[in-house]
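Colleague: With the sequence up front, the predicted model follows.
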Amino acid sequence: MDGGGGERGRRGARRAASRGRGAARGAARSSSRGRRSPAGPAALPAPREGDAPAPRRGRPPRRPSAVGTPAAGGGEAAGSGAPAARPPAAARRRAAVPDGAAPRRAPPAAAAPRLREVLSRLSLGRQDVSEAAGLVNHVVSRLIQAVRSRDGGFGSVERLGAGSYYERVKISEPNEFDIMLVMPVARLQLDECDDTGAYYYLTFKRNPKEKYLLRFLDEDGKLSAFKMLQALREIIKQEVKNIKDVEVTVKRKKAGSPAITLQIKHPSAEISVDIILTLEVQQSWPPSTQDGLKIEQWLGRKVRRDFRNKSIYLVAKQNKREKVLRGNTWRLSFSHIEKAMINNHGSSKTCCESDGPKCCRKGCLKLLKYLLEQLKMKHAKELEKFCSYHAKTAFFHSCVMWPDDTDWHLGDLDHCFQKYLGYFLDCLQKCQLPHFFIPQYNLLSLEDKASSDFLSRQINYELNNRFPIFQEKY
């Protein structure tokens, strides 16, 4: 019995071994077929770090796009040896792009889940926004009422919200607000005071309607930004003393700043409000703006025409290039146009509306603003020359280079952020970031090349290491 049981056991072992060899041969044949047939599951290799994501089912694959912008006249994507197909429309759009974005080798892909997680942290809480906005509205309404009623020549001011909060790209906390106090003026003579095309001396033509502004002329007959800002500051300082239900202070004047800054106490955090004196001049835009605002392929010719038919805005900003600082210069402002473009940013008019397709344009802008903010906290001295307006200007140029809503698909956040960041890096490398509305005005001076190079190195480090600074706390 024992012998019979041992024989059956040996036969069973031989059958099991035979079955095992047959299974191995079948697996080998299946593997061979999988290698030959691209349709089978075995044909999909494991993704490698840095690989682009496979196209989603039901969507056409994205056009090849280099990090940064292709070189003028070139036809190769960055990091690729093959020519990248570019449709004629894209070639036509390239003519409107500022000269500057050389191809770059694509760095390791940023982790999309991490970028989305960072964006979710940057979103403002509804309750916090409601409380902060309510407090700001209460204080500013009191001040505007006082400014209009005083005999100071400011009876016609109107309020206009500007800046990141009203553009809906404010990040982290609702603790900064920009309020423009806009004064309409029928006509002024604008005379450029330097070669930027951004700064002007203002004088009245014969028999101005705004007689109340004549008291602000300097000895040369120029409208003095310094005198107007000083008069407005005095009215605001006096009225702030009358506000008892909220703790408000007026911060010390910053040299050359166009803003009167208020500090409002809030239980969670202090709120900073910049009140900016602005002249609304009802006449054509100056010649320096003629070749700016190249949004035809992005937002359309009609939108550009409508924007250029709007009034000129000028803020009381000191031009630091003047040898003698007299405080009588004004700088062009396009805050009203910028807000309109950011809040209506799609080439299709339904982009990001409640029932329309969503894009990641604003998400990319928020991420670069946050990156700059974090780097400035870490390297305040080296990066003091940079501000969020550099990120915003690069954003507008990027929207022109990639004008279609499909270029900014919501699911392609990591890819879109990299190409936007690539363009900004090219600008830093060349110290060339043209003002979006005044192309001859370069926002990155060669005098600050050391700062640009430093920021470029910091951003490249973050990009190549998947943004460790986004995980740090300050």
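Modeller: Structure received.

Colleague: Can you give me every residue that contacts R304?
Modeller: Contacts for R304 (CB atoms under 8 Å, 6 or more residues apart in numbering) come out as L293, I295, E296. Backbone N, C-alpha and C define where each C-beta goes, glycine included.

Colleague: Torsion angles phi and psi at it?
Modeller: For R304, the backbone dihedrals are phi -60, psi -40 (criterion: degrees, to the nearest 10).

Colleague: before we move on, what about K209?
Modeller: Backbone dihedrals for K209, given as degrees, to the nearest 10, come out at phi -70, psi -30.

Colleague: for this protein, what helix or strand is lowest in average pLDDT?
Modeller: helix 88-94 (a mean of 42; mean pLDDT, DSSP states H and E).

Colleague: Next one, pLDDT for R301 please.
Modeller: As predicted, R301 sits at a pLDDT of 96.

Colleague: for S398, same thing?
Modeller: What the model reports as pLDDT for S398 is 98.

Colleague: does it really touch L421, like I thought?
Modeller: No: using CB atoms under 8 Å as the test, S398 is too far from L421 to be in contact (9.4 Å).

Colleague: If you count neighbours, what's buried in the helix or strand harbouring F307?
Modeller: Assignment of secondary structure by DSSP states H and E places F307 within helix 301-308. For helix 301-308, the neighbour count (16 or more other CB atoms under 10 Å) marks V303, R304, F307 as buried.

Colleague: still on that earlier bit, pull the distance from the very next helix or strand once past the least confident helix or strand of the chain to the chain's centre.
Modeller: Later in the chain than helix 88-94, the nearest helix or strand by DSSP H and E is helix 112-122. In terms of CA atoms, centre = their mean, to the nearest Å, the centre of helix 112-122 is found 16 Å from the chain centre.

Colleague: buried sites along the helix or strand just after helix 112-122?
Modeller: Toward the C-terminus, helix 112-122 is succeeded by helix 126-149 as the next helix or strand (DSSP H and E). With burial defined by 16+ other CB under 10 Å, the residues of helix 126-149 counted as buried are E131, A132, L135, V136, V139, V140, R142, L143, I144, A146, V147.

Colleague: Would you mind measuring from the first one to N242?
Modeller: It stands for E131. Distance of E131 to N242, computed by CB to CB, to the nearest Å: 23 Å.

Colleague: With the fifth one instead?
Modeller: Counting by CB to CB, the gap between V139 and N242 amounts to 11 Å.

Colleague: now the third one
Modeller: If you measure L135 against N242 using CB to CB, the figure is 17 Å.

Colleague: ok so, going back, just checking, which of the contacts of R304 belong to helices?
Modeller: Helix and strand membership here follows DSSP state H; of these, not one is in helices.

Colleague: got CSV for those, with pLDDT, distance to Q458 and neighbour count too?
Modeller: Output for those, formatted as CSV (pLDDT from 0 to 100; distance: CB to CB, whole Å; neighbours: other CB atoms under 10 Å):
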residue, pLDDT, distance to Q458, neighbour count
L293, 97, 31, 22
I295, 97, 31, 21
E296, 97, 35, 17
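
Colleague: Where does the prediction get shaky in the stretch 201-350 of the chain?
Modeller: Judged against pLDDT under 70, the low-scoring parts of the stretch 201-350 of the chain cover residues 322-325.

Colleague: the helices in it, which residues?
Modeller: In the stretch 201-350 of the chain, the helices defined using DSSP state H, counting those that start in this stretch lie at 225-240, 301-308, 335-343.

Colleague: May I have the second one exported as PDB, CA atoms only?
Modeller: In other words, helix 301-308. Extracted in PDB, the C-alpha atoms of helix 301-308 (Å, rounded to 0.1, in the frame of the first residue of the first chain):
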ATOM      1  CA  ARG A 301      -9.600  91.600 -33.800                       C
ATOM      2  CA  LYS A 302     -12.900  93.000 -32.500                       C
ATOM      3  CA  VAL A 303     -11.900  92.600 -28.900                       C
ATOM      4  CA  ARG A 304      -8.600  94.400 -29.600                       C
ATOM      5  CA  ARG A 305     -10.400  97.200 -31.300                       C
ATOM      6  CA  ASP A 306     -12.800  97.500 -28.500                       C
ATOM      7  CA  PHE A 307     -10.000  97.700 -25.900                       C
ATOM      8  CA  ARG A 308      -8.100 100.300 -27.800                       C
END
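
Colleague: Could you check the angle that helix makes with helix 335-343?
Modeller: Per axes from the mean of the first three to the mean of the last three CA atoms, to 10 degrees, the angle that helix 301-308 makes with helix 335-343 is 150 degrees.

Colleague: Make 192 the first number, not 1, from now on.
Modeller: Let's use 192 as the start, then, which means that last one is helix 492-499.

Colleague: Please state the offset of helix 492-499 from the chain centre?
Modeller: 21 Å.

Colleague: now do stretch 365-374
Modeller: Taking the mean C-alpha point of stretch 365-374 and that of its whole chain, the gap between them comes to 18 Å (CA atoms, centre = their mean).

Colleague: tell me the average confidence for that stretch?
Modeller: This predicted structure assigns stretch 365-374 an average pLDDT of 89.

Colleague: burial measure for the nearest residue to S340 once chain neighbours are set aside, as a count.
Modeller: Leaving out its chain neighbours, the residue that sits closest to S340 by CB to CB, 6 or more residues apart in numbering is G346, at 7.8 Å. By other CB atoms under 10 Å, 12 other residues sit near G346.
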